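# With the sequence up front, the predicted model follows.
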Amino acid sequence: MEATPHSGVGIWIRVRHRFGPRMTEWFMGFHTAVWGAVLLCSDRLFDQPAWAGFRAILGNEILLGWAMLLLGILRTIGLIINGARKDVTPVIRQVSAGIGCLIWVGISCCYASSGVVSTWFAIYPLFVVGELVNIHRAAHDQGETRYGKTG
């Protein structure tokens, strides 16, 4: 029987093999969690002018902080489970990247509504594009899982 690239003697080999192609997904999961943690550790962050859009929508940092921390942790757990399984489940990755895309669109809109142009403009809209790429990659993986390897 011919060995496939995703087979191995254990979970660690499968996770290591899948980590490289999914590195941006891991990065976005960690970034989401850390972004939430920063909000939870910062006092009155939304009082700053660049955060006016966030303050108008959410009121304070706590709700967004907990949501981001939880979503980042859940995404990372999903990637660990997905990487450890012999048979991958790309739908978990598609949904996670879709939620991530919505998060970064929302964050970009909140910053834009503040009327303050800063480094956010060079970061968060690009995260949206990165998440769209992640959705595409996971959808491609789903096609390979369903219809066999292409190319």
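Cool, got the structure. Keep in mind that this is a model prediction, so the values were computed, not measured.

# Would you map the helices across the chain?
11-19, 23-41, 52-58, 61-84, 90-114, 120-147 (DSSP state H).

# Columns mean pLDDT and mean neighbour count on top of the ones you listed, output as JSON lines?
From N, CA and C alone the C-beta is placed, and that goes for glycine too. Listed next are the helices of the chain as JSON lines, based on pLDDT from 0 to 100; neighbours: other Cβ atoms under 10 Å:
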{"stretch": "helix 11-19", "mean pLDDT": "51", "mean neighbour count": "15"}
{"stretch": "helix 23-41", "mean pLDDT": "95", "mean neighbour count": "18"}
{"stretch": "helix 52-58", "mean pLDDT": "92", "mean neighbour count": "17"}
{"stretch": "helix 61-84", "mean pLDDT": "90", "mean neighbour count": "18"}
{"stretch": "helix 90-114", "mean pLDDT": "94", "mean neighbour count": "19"}
{"stretch": "helix 120-147", "mean pLDDT": "86", "mean neighbour count": "16"}
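
# Let me see the contact set for the closest residue to Ser42 other than its chain neighbours.
In space, and not counting its chain neighbours, Ser42 is closest to Glu61: 6.3 Å by Cβ to Cβ, 6 or more residues apart in numbering. When contacts are counted by Cβ atoms under 8 Å, 6 or more residues apart in numbering, Glu61 touches Leu39, Leu40, Ser42, Arg44, Leu45, Phe46, Phe54.
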